[in-house]
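# After the sequence you'll find the predicted model.
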Amino acid sequence: MKAIKLFLFIALGVFTQTSCVKGRLEPESEVFIDDAAAFSTPERTLSAVQGLYAGIKGPFYSGASNQFLAGRYLVFQDVRGEEFLNETNNGVTGLQTWNFSVQSATNEVEYTWGNGYQAINRINVVLKGLETAPVSQQLRTEYSAEARFLRAIVYHSLVTLYARPYWDDNGAKPGLVIYTEPQTTPGGQNSRARSTVAEVYNLILSDLNFAEANLPATYGTAQANVLRAHKNSAIALKTRVHLHMQRYADVITEGNKIVSTTEPFRATTGVQHMLEADILNVFRSGGNTPENIFSLSFSTQNLPGTQNSLHQYYSPGSTGGNGDYSLNTTTGIVADPGWTATDRRRTAFVEVIGGKTWLRKWTSNTDNVPLIRYSEVLLNLAEALARQNGVNARAIALLNAVRKRSDPTVTLTPATQQALIDAILLERRIELLGEGFRSRDLTRLGLTIPAKGAAPTVAPTAAQYIWPIPVSELLANKAVVQNAGY
């Protein structure tokens, strides 16, 4: 990672409860504040912590703002799978990711890595600053837990794209460069080798365990409970992380903390997460529902930026989007007979416009970006139960809770373990479509990435199964080795 001078991009007035922003994580004004002043008061300390949420959207790496979890990262992970067809041949909006031709100097490879590591450094700066910040020990610990939750989600996002999956040699393959201290001088720590995949996952779980133990159980308002990390956010993310490690017993342990044993499934402690009755409200009501565990917010004063938002990628020009990716009606999930015509997710979110089929979960650049939803947790737990225990009533009930929410006329009754697992994976493709899961689900299971349009199949042994390390990192850090095949 290129050394970053120790300055904080502080969002002043973040999370204020005013009539115009109502607590959304958006700045009223933004200034650069030297680290000596950034933690000089309790108010500035809180602003530094809350500014981290803007940081994971995508900092200002090489002038490319909001090019990380604000939308682009989710798009890259989805279009690597078979669900979408590229319509614009625009190299700026992920064409080489879609057709598996990225190289170490490709823009998305460079910017995603750079934005991710700039976010990590920003988090580490705040963690260091909190050690002497003029706040109570309780707040210092809570703020540190918030920062470590965000560091975990950034590291997991990067390791699932730039490193071999955990199943390959049980995490012994090269992972990421780990930084837990801020880089404050040019070139000061630019010779650091990649840790193993297992070591990266150990850091992620350490951060999440700390977050679970020290985050607040709730912030008291629906909006804050969606936009800030709390205990259940950390638990939910752990179900995802353990799923990627194929540690299914651990997925069950974590899932049981926030999923009741019987229907209606809900969290019984902390934020009372549950499925929203109408999935349309998850995306259309501002996203502040009990189903949304953790989201990033935007407004007319804080937009994702040109060619960054999910709406722009997946909506055609006639509706204000860019029309970069339509749904693959030949081999994608929209063509699967298992996705019924009466399903609310199809009737509400799939539209034929201009002769193409589009995903319309997002209809505005100000729509929230959902990073963790309760429906994912239910499917994570269902899959772990199925893989651990075979055909079992609870896994089937969890699967049907997600399906019947959107299509009450269907009851899924898989009779074998493999049929149950297949049904859960199919449900993930439907439920989480466009939310950044498809290629991650394929790679965590060692499955071939299917062909679509002119893009080829990619076997688990192929170089393009993961991304290369960017050339800028190789030039700055001579201790880093490139991924095999690049």
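Cool, the structure landed.
# Ser326 - nearest residue in space that isn't next to it in sequence?
Once flanking residues are discounted, Ser326 sits nearest to Lys356: 4.2 Å by C-beta to C-beta, 6 or more residues apart in numbering. Placement of C-beta: from N, CA and C, glycine included.
# and that neighbour, what is it in contact with?
By C-beta atoms under 8 Å, 6 or more residues apart in numbering, the residues touching Lys356 are 87, 316, 323, 326-327.
# Serialize the residues you listed to CSV and add fields for pLDDT, secondary structure and neighbour count.
Converted to CSV, the contacts of Lys356 look like this (pLDDT from 0 to 100; DSSP: H, G, I helix; E, B strand; the rest coil; neighbours: other C-beta atoms under 10 Å):
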residue, pLDDT, secondary structure, neighbour count
Glu87, 98, coil, 17
Pro316, 97, coil, 19
Gly323, 97, coil, 21
Ser326, 98, strand, 23
Leu327, 98, strand, 24
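# Serialize the residues you listed to a markdown table and add fields for distance to Ile123.
Below are the contacts of Lys356 laid out as a markdown table (distance: C-beta to C-beta, whole Å):
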| residue | distance to Ile123 |
| --- | --- |
| Glu87 | 36 |
| Pro316 | 37 |
| Gly323 | 35 |
| Ser326 | 36 |
| Leu327 | 36 |
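# ok, so of these, who is nearest Ser364?
Nearest to Ser364 among the contacts of Lys356 is Pro316, at 14.3 Å by C-beta to C-beta.
# Surely that closest one and Thr357 touch.
No. Using C-beta atoms under 8 Å, Pro316 is not in contact with Thr357; the gap is 10.2 Å.
# shared neighbours of the two, anything?
Ser326.
# if you go through the stretch 251-400 of the chain in chain order, where are the helices?
Remark: helices assigned in the stretch 251-400 of the chain by DSSP state H, counting those that start in this stretch are 279-284, 310-314, 344-349, 374-389, 393-406.
# Just tell me which of those ends up closest to Ala234.
Of the helices of the stretch 251-400 of the chain, nearest to Ala234 by C-beta to C-beta is helix 374-389, at 12.0 Å.
# In contact with the nearest residue to Arg266 once chain neighbours are set aside, which residues?
Leaving aside its chain neighbours, Arg266 sits nearest to Met274 (3.9 Å; criterion: C-beta to C-beta, 6+ apart). Contact analysis of Met274 by C-beta under 8 Å, 6+ apart lists 264-267, 290-291, 374.
# what is the mean pLDDT for stretch 445-459?
On average, the pLDDT along stretch 445-459 is 98.
# Not counting it itself, show me its contacts.
Contacts of stretch 445-459 (C-beta under 8 Å, 6+ apart): 80-86, 98-100, 165, 167-168, 328, 330-332, 439, 442-443, 460, 464-465.
# filter those residues to the buried ones?
For the contacts of stretch 445-459, a burial check counting by 16 or more other C-beta atoms under 10 Å picks out 80-86, 98-100, 165, 167-168, 328, 332, 439, 442-443, 460, 464-465.
# Which of these fall within strands?
Judged by DSSP state E, strands contain the following of the buried ones among the contacts of stretch 445-459: 84-86.
# Looking at those, which one is closest to Tyr179?
For those, the nearest to Tyr179 is Phe84 (33.4 Å; C-beta to C-beta).
# For Thr88, which residues are in contact?
Thr88 neighbours (C-beta under 8 Å, 6+ apart): 95, 322-324.
# That one belongs to a strand, doesn't it?
No. Counting by DSSP: H, G, I helix; E, B strand; the rest coil, Thr88 is not found in a strand; it is coil.
# which helix is the longest one in this protein?
helix 137-162 (DSSP state H).
# Now do that one: which elements does it pack against?
helix 42-57, helix 72-79, helix 107-130, helix 197-214, helix 231-244, helix 438-444 (3 or more C-beta pairs under 8 Å, 6 or more residues apart in numbering; DSSP states H and E).
# Among those helices, which comes closest to Val471?
helix 107-130 (7.3 Å).
# which residues of the stretch 151-300 of the chain score low on pLDDT?
186-189, 285 (pLDDT under 70).
# Just the residues contacting stretch 300-316, thanks.
Around stretch 300-316, the neighbours that count as contacts under C-beta under 8 Å, 6+ apart are 26-27, 54, 57-58, 65-67, 70-72, 74-75, 84, 92-94, 298, 320-326, 353-354, 356, 358-367, 369, 434.
# So which of those are in strands?
Filtering the contacts of stretch 300-316 for strands - DSSP E - leaves 84, 325-326, 353, 356, 358-359, 369.
# Dump these into JSON lines; add distance to Thr239 as well.
Listed next are the ones in strands among the contacts of stretch 300-316 as JSON lines, based on distance: C-beta to C-beta, whole Å:
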{"residue": "Phe84", "distance to Thr239": "26"}
{"residue": "Tyr325", "distance to Thr239": "28"}
{"residue": "Ser326", "distance to Thr239": "32"}
{"residue": "Ile353", "distance to Thr239": "36"}
{"residue": "Lys356", "distance to Thr239": "35"}
{"residue": "Trp358", "distance to Thr239": "31"}
{"residue": "Leu359", "distance to Thr239": "25"}
{"residue": "Val369", "distance to Thr239": "20"}
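# burial count for Ser260?
Per other C-beta atoms under 10 Å, the neighbour tally for Ser260 reads 12.
# Please tell me how far it sits from Arg394.
Going from Ser260 to Arg394 by C-beta to C-beta, to the nearest Å gives 10 Å.
# ditto for Ser315
To Arg394, Ser315 is 38 Å away according to C-beta to C-beta.
# And the two? Which one has more around it.
Ser315 (27 against 18).
# sorry, back to before: now the helices of the stretch 251-400 of the chain as TSV including distance to Gly485?
TSV is the format used below for these (distance: least, C-beta to C-beta, whole Å):
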stretch	distance to Gly485
helix 279-284	38
helix 310-314	28
helix 344-349	37
helix 374-389	30
helix 393-406	37
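# Any idea which of the ones you listed gets closest to Glu199?
Nearest of the helices of the stretch 251-400 of the chain (C-beta to C-beta): helix 374-389, 23.3 Å.
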